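A.B. asks: the sequence isn't on hand, but the structure is:
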């Protein structure tokens, strides 16, 4: 006589915020397969004989897929699997340079201080700047609560003489070339 199907074997492959779910059953209980009911976090998302379900979701979120298998005798078995999507990628630190006014103390004429603005640094982090040609990292103050800043650096250059500028916090850095 008919027996219950075997519980589905489920897999979920995570790629960023997407999960590729698939499942199979080793036995349909001596009766033909009728259908699979597929639930994502408790809501019915698919019915039929397909053995895959593709899902896009959010970062850092746990999802539960439940699959109920039905055979033609109306007998069922079910299984579920949890998978969590990955964390959001860290935005890339970026800086831009701008002319910040005459550098009267520079050892050459027509020099201007380099202004620096930046984004995606660690919020509130202490910043340091390295001016091309100098071996010393200088304190630049702190990033604001959103990880941004706009500061005048202790770097200078003359018009037509670009200078490499690097800004770092405790966990990363970004570089740009000042030019005007």
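C.D. replies: Looks like it came in fine. Just so it is clear, the model here is predicted, and its values are computed rather than measured.
A.B. asks: check which helices and strands the helix or strand bottoming out on mean pLDDT in the chain sits against.
C.D. replies: Lowest by mean pLDDT, DSSP states H and E among the helices and strands of the chain is strand 149-157, with a mean of 87. Contacts defined by 3 or more C-beta pairs under 8 Å, 6 or more residues apart in numbering; DSSP states H and E place strand 149-157 against strand 94-102, strand 112-119, strand 126-131, strand 137-142, strand 163-169. In short, each C-beta sits where N, CA and C put it, glycine included.
A.B. asks: what would the ones you listed look like in a markdown table with mean neighbour count?
C.D. replies: Converted to a markdown table, the helices and strands packed on strand 149-157 look like this (neighbours: other C-beta atoms under 10 Å):
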| stretch | mean neighbour count |
| --- | --- |
| strand 94-102 | 16 |
| strand 112-119 | 20 |
| strand 126-131 | 20 |
| strand 137-142 | 15 |
| strand 163-169 | 20 |
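A.B. asks: got a markdown table for those, with distance to residue 67 too?
C.D. replies: Listed next are the helices and strands packed on strand 149-157 as a markdown table, based on distance: least, C-beta to C-beta, whole Å:
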| stretch | distance to residue 67 |
| --- | --- |
| strand 94-102 | 45 |
| strand 112-119 | 44 |
| strand 126-131 | 51 |
| strand 137-142 | 51 |
| strand 163-169 | 46 |
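A.B. asks: nice, that's everything, thank you.
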